[in-house]
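In: Generate coordinates for the sequence data below:
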Amino acid sequence: MKFTSKIITNRKADFSDADFSEGEIILIDKPSGPTSFQIVNKIRKITGVKKVGHSGTLDPKASGLMIVCTGKKTKEMDNFIGLNKTYSGIIRLGLSSPSMDTETECSEVYLPDDIDEKKILQVRDTFLGEIEQIPPMYSAVKIGGKKLYSLARKGKSIERRSRQIFIEKFDITKIALPDVHFTVTCSKGTFIRVIADDFGKKLNTGGILVELRRVGIGEVRVEEALTVNIFATHFSTHLASG
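Out: Model (predicted):
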């Protein structure tokens, strides 16, 4: 899907005719650390606009592209939520954790000596196309009105139904064991942490996600995005000149 609306990017950061109260679409490059909600809240404070939303949550430790909408443009968010997402990241084999990443305590798992490029690529191939995936307990998925991570942090685990997702592309870009670098293009609702965990299991070891960056949403790439600080600078300049 191509964007029919004007978008504020790092190449088109002229705010002279921008009206954030009426509605704008902004490409933001989220750093690792803050939650997606915190990024939206920062945009809300910078612009003074109450109605601000985004088109897909990133885990706090993940970085990368967010499409942020203000004002009436929030009505267009559904158009973006359904787009395929592209990520780059690193799976570290030989480790396991409840959250399937570094958010929770990691434990070592025996790493077989016979893991090589051929086996890694064979496992990679099993993820391509339509597959079933069970949402992790450490996620914002709601079951019975409760977010799973709220239960997980209390040490609880409940049964979750598998969901059908689609992996369009899965490239192994570098192998430096125990690390496996990758890029993946997938449908909405895909948990890359679950792929990391399943990847390790299929190699008879553990696997966690140690790095994740969203590099694309549909045809839009993170290289076009503004950091929140740069956005704030442009906005301040716009106010000063207005």
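
In: just the strands in this structure please.
Out: 7-8, 25-30, 52-54, 63-70, 85-93, 95-96, 107-108, 129-133, 142-143, 146-147, 163-176, 179-186, 207-217, 220-221 (DSSP state E).

In: Nearest to V228, out of those strands?
Out: strand 25-30 (6.3 Å; C-beta to C-beta). (C-beta placed from N, C-alpha, C; glycine too.)

In: if you average pLDDT over that closest one, what comes out?
Out: What strand 25-30 shows for mean pLDDT is 96.

In: If you count neighbours, what's buried in it?
Out: Buried positions in strand 25-30, judged by neighbour count with 16 or more other C-beta atoms under 10 Å: 25-30.

In: hmm, back to that, and the strands of the chain as TSV, adding distance to D19?
Out: Formatted as TSV, these follow (distance: least, C-beta to C-beta, whole Å):
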stretch	distance to D19
strand 7-8	11
strand 25-30	12
strand 52-54	14
strand 63-70	9
strand 85-93	29
strand 95-96	48
strand 107-108	52
strand 129-133	40
strand 142-143	34
strand 146-147	34
strand 163-176	36
strand 179-186	34
strand 207-217	23
strand 220-221	21
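
In: check contacts around the residue most central in space within the chain.
Out: Central residue of the chain (C-alpha atoms, centre = their mean): L58, 3.8 Å from the mean position. Counting by C-beta atoms under 8 Å, 6 or more residues apart in numbering, L58 touches 30, 36, 64, 66, 214.

In: now the longest helix along the chain against strand 25-30, angle please.
Out: In the chain, with assignment by DSSP state H, the single longest helix is helix 228-241. Computed with axes from the mean of the first three to the mean of the last three C-alpha atoms, to 10 degrees, the direction of helix 228-241 lies at 140 degrees from that of strand 25-30.
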